[in-house]
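Enquirer: Sharing a model that was predicted from the sequence below.
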Amino acid sequence: MPKSLFPAASAEARARLEQDPTLKLINDFDWSTNPLGPIPDWPESLKGAVRLMMVASTPMVMMVGERGILIYNNAYADFAGNRHPEIFGMPAIEAWPEIGDFNRDNIERGLRRESWSLRDQELILNRHGQLESGWMDLHYSPIADADGQSLGTLCIVHETTDRVLAEKSLARSEERLSLALDGSGLVGTWDWDIHNDIVTADDRFAGMYNLDPLRAGLGVPIAEFMAAIHPDDFDRVNAQIEVALRDATPFRSEYRLVATDGTIRWVIASGSPRRGPDGAPSRLPGVVVDVTEQRRISEALAESELRFRTLADTMPQMVWSTLPDGFHDYYNKRWYEFTGVPEGSTDGEGWNGMFHPDDQERARQVWRHSLETGEPYQIEYRLRHRSGEYRWTLGRALPIRDAGGQIIRWFGTCTDIHETRLAAQERDLVAQELSHRIKNIFAVLTGIISLSARSRPEVKDFADELRQRIYALGEAHDFLRPHSHISRPPENQGSLKSLIERLMQPYRADGEGRLAFHGDDAEIDDGAATPLALLFHELGTNAAKYGALSTPGGRVDITGHPDGERYHLTWKEHGGPTIGGDAELSGFGSRLIALSIEGQLRGRMERIWEPDGLRVEIDLPTDALRRSARLPLN
């Protein structure tokens, strides 16, 4: 008995029909074990309906009988995905268990001869190895037998998943756009029907253009919107619209709107013409953005920039700035006037080429140090002038930091100090010459004393002491003689510790560290240096003659520390000859010390004779150490 749906077909016709894999499947299927039985036993109405379904291009499936045996065409096989061909000939509820209840209801309705349709029905199916949602239009009808009874249910399937997902995505996008527009408070939308001259707009757009939102939503002529444009901008905006329509090019315009209360706001309107069937623009949808605040900020920034450039260009110094990494990107007019270079030629690394060759590496290192540490930049170098000569310049820069402390820019200046530096060199020469002559006077005094002492042997000791005191005065003068920034020695010139170390140098001739300064140093000037030099000269001389420095193992510790507006010094001798009680000192040296401390420096001094050596406590006003501290504030 032939099993084919087309038993009368020739072998050639059958081969052609069975090029459809699902039709071949139905012909080759073993229906003898299926509740439907062999194909020849099927009702003719069923076989006719199956033949019609199998040659259709639309996905179609039959659920035959009370169990809903699945028979479907090749298009439905594609729809079934990985479930085909396993489900072919199976009961529908077993084939698609994830929608078993859904199919059971459809089978029962089909057997009751009902016809119905479902639009965009969502079904969660396992067609590709996992459950996933799909949407489809489903059209159900009964399979009628010759007696008018239903043999099952026929379903035509039209999958709409792609369209539904696209619509959902569009809806989400429109929702996000709506939320963004509503949240911004600055954006309105419109759509202009050019042929009918009707503009429909949202509430925000209507409000910007002084129109009732209800009327704007229904549509009004574009002239009513144009009425809100500032008179000075009207013709320009109208011309830009005409160009966009004529050339079918995007429209964009920035203009002012005048509110009913006279308030002026700036907006940017932009849109793109849409062509109609005739190729001419038929619609012009777009958006308008309120940029009043941005424009105000921009104008304020422009004004601030103008003020800065005006200030920078009127300053006598050369002003420059860099990015956080040190890239130079701005110079004021004074820079270009001084250097004579074209604008922009010294941006970036071009800056370093303006230095004297002997200063370039030093300047680069100092600048790199500031960039790495954030420390202020200060250096003197020679900068090439427009005349071709190199002039001495003082360079300074400070970092600008944000609220988080990060450097966002460096601002610096270059000051021409060439004349000042030359003048300082001249003053330094004069100061050196004057100092030399003063030292010569000390030398003459020392010579006179020596000559006088030769004829008066009885005053030799006094003359020796006097020469040593004059030597101390000479050391104090030389220590704090006037210096320029060029001639100033590298050591800590002008500190009490340095003066003491210089005066006590003769007592270190043996190479031993017999005298040490401890504690806090103090800055002194030439007014304090002279009495302090006499003080420590007398103490050192006495220690060398009678005290700790007169014995090989003796030593002296000098300690200084500030105490509010006072400065305290302690001279303590160790390892000297044993002292058998307090000594009475009433000689010239003692009176000289008292005159220096209590008279010139307005301080106090106390000698304490301790068993292991003399201790001298000296208390001085801080302002007595520096002339600048004694200057009045008003």
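Expert: Thanks, I have it.

Enquirer: Give the next helix or strand downstream of the helix or strand bottoming out on mean pLDDT in the chain.
Expert: Among the helices and strands of the chain, helix 460-479 carries the lowest confidence by mean pLDDT, DSSP states H and E, at a mean of 61. Helices and strands here follow DSSP states H and E; after helix 460-479, the next one along the chain is helix 496-503.

Enquirer: The very next helix or strand once past that next one: which residues count as buried?
Expert: Taking DSSP H and E as the definition, the helix or strand that follows helix 496-503 towards the C-terminus is strand 515-519. Neighbour-count burial for strand 515-519, counted by 16 or more other C-beta atoms under 10 Å, picks out 515, 517. Where C-beta positions appear, they are placed from N, C-alpha and C, glycine not excepted.

Enquirer: same deal with stretch 543-553?
Expert: For stretch 543-553, burial by neighbour count (16+ other C-beta under 10 Å) applies to 543-544, 547-549.

Enquirer: what does stretch 72-84 give?
Expert: Within stretch 72-84, the residues that qualify as buried are 72-77, 79-80, 83-84, counting by 16+ other C-beta under 10 Å.

Enquirer: Could you do stretch 331-349 as well?
Expert: Residues of stretch 331-349 classed as buried under the neighbour-count rule (16+ other C-beta under 10 Å) are 331-332, 334-336, 338-339, 341, 346.

Enquirer: again with stretch 599-606
Expert: Within stretch 599-606, the residues that qualify as buried are 600-601, 603, 605, counting by 16+ other C-beta under 10 Å.

Enquirer: Dump the residues you listed to CSV, plus secondary structure.
Expert: Written out in CSV, the entries for the buried residues of stretch 599-606 read as follows (DSSP: H, G, I helix; E, B strand; the rest coil):
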residue, secondary structure
Q600, helix
L601, coil
G603, coil
M605, strand
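
Enquirer: Can I get those in JSON lines including pLDDT and distance to D521?
Expert: Conversion of those to JSON lines gives the following (pLDDT from 0 to 100; distance: C-beta to C-beta, whole Å):
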{"residue": "Q600", "pLDDT": "81", "distance to D521": "21"}
{"residue": "L601", "pLDDT": "84", "distance to D521": "17"}
{"residue": "G603", "pLDDT": "89", "distance to D521": "17"}
{"residue": "M605", "pLDDT": "88", "distance to D521": "20"}
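
Enquirer: Going by distance to D313, which of those wins?
Expert: Taking C-beta to C-beta as the measure, D313 sits nearest to L601 out of the buried residues of stretch 599-606, at 51.8 Å.

Enquirer: which of the buried residues of stretch 599-606 lies closest to E380?
Expert: Among these, L601 lies closest to E380 (C-beta to C-beta), at 36.0 Å.

Enquirer: That closest one: what's it in contact with?
Expert: By C-beta atoms under 8 Å, 6 or more residues apart in numbering, the contact list for L601 reads 528, 531-532, 620-621, 624-625.

Enquirer: which other helices and strands contact the helix or strand harbouring L118?
Expert: Element membership of L118, judged by DSSP H and E, is strand 116-126. Contacting strand 116-126 under the criterion 3 or more C-beta pairs under 8 Å, 6 or more residues apart in numbering; DSSP states H and E are the following elements: strand 131-144.

Enquirer: and the angle from the helix or strand following the strand it packs on to strand 116-126?
Expert: Downstream of strand 131-144, the next assigned helix or strand under DSSP H and E is strand 150-159. The directions of strand 150-159 and strand 116-126 differ by 70 degrees, with axes from the mean of the first three to the mean of the last three C-alpha atoms, to 10 degrees as the criterion.

Enquirer: Name the residues that touch strand 150-159?
Expert: Judged by C-beta under 8 Å, 6+ apart, the contacts made with strand 150-159 from elsewhere in the structure are 43, 45-46, 49, 53, 58-65, 68-69, 76, 79, 106-107, 109-113, 134-145.

Enquirer: cutoff 7 Å now
Expert: Strand 150-159 is contacted by residues 43, 45-46, 49, 58-65, 68, 76, 79, 106-107, 110-111, 113, 134, 136-145 when judged by C-beta atoms under 7 Å, 6 or more residues apart in numbering.

Enquirer: go on, stretch 320-335?
Expert: Under the contact criterion C-beta under 7 Å, 6+ apart, stretch 320-335 has outside partners 312-313, 315, 317-319, 346-348, 351, 367, 371, 407-412.

Enquirer: repeat that for 8 Å
Expert: Counting by C-beta under 8 Å, 6+ apart, 309, 312-313, 315-319, 343, 346-348, 350-351, 367-368, 371, 397, 406-414 sit against stretch 320-335.

Enquirer: can you tell me which of these are in helices?
Expert: Among these, the ones falling in helices (DSSP state H) are 309, 312-313, 367-368, 371.

Enquirer: from these, which has minimum pLDDT?
Expert: By predicted confidence, these are weakest at A312, whose pLDDT stands at 69.

Enquirer: now the contacts of strand 150-159: which count as buried?
Expert: Neighbour-count burial (16+ other C-beta under 10 Å) applied to the contacts of strand 150-159 gives 46, 49, 59-65, 68, 76, 79, 106-107, 110-111, 134, 136, 138-143.

Enquirer: can you pull out the helices in the stretch 501-634 of the chain?
Expert: 526-545, 588-594 (DSSP state H, counting those that start in this stretch).

Enquirer: any chance of these in TSV, plus distance to I268?
Expert: Written out in TSV, the entries for the helices of the stretch 501-634 of the chain read as follows (distance: least, C-beta to C-beta, whole Å):
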stretch	distance to I268
helix 526-545	71
helix 588-594	86
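
Enquirer: Go through these and pick out the most buried.
Expert: Using mean count of other C-beta atoms under 10 Å, the stretch among the helices of the stretch 501-634 of the chain with the largest mean neighbour count is helix 526-545, at a mean of 21.

Enquirer: any idea how far the residue nearest to T413 when sequence neighbours are not counted is from R386?
Expert: Here the nearest residue to T413 in space, its sequence neighbours aside, is Q317; by C-beta to C-beta, 6 or more residues apart in numbering that works out to 4.2 Å. Going from Q317 to R386 by C-beta to C-beta, to the nearest Å gives 16 Å.
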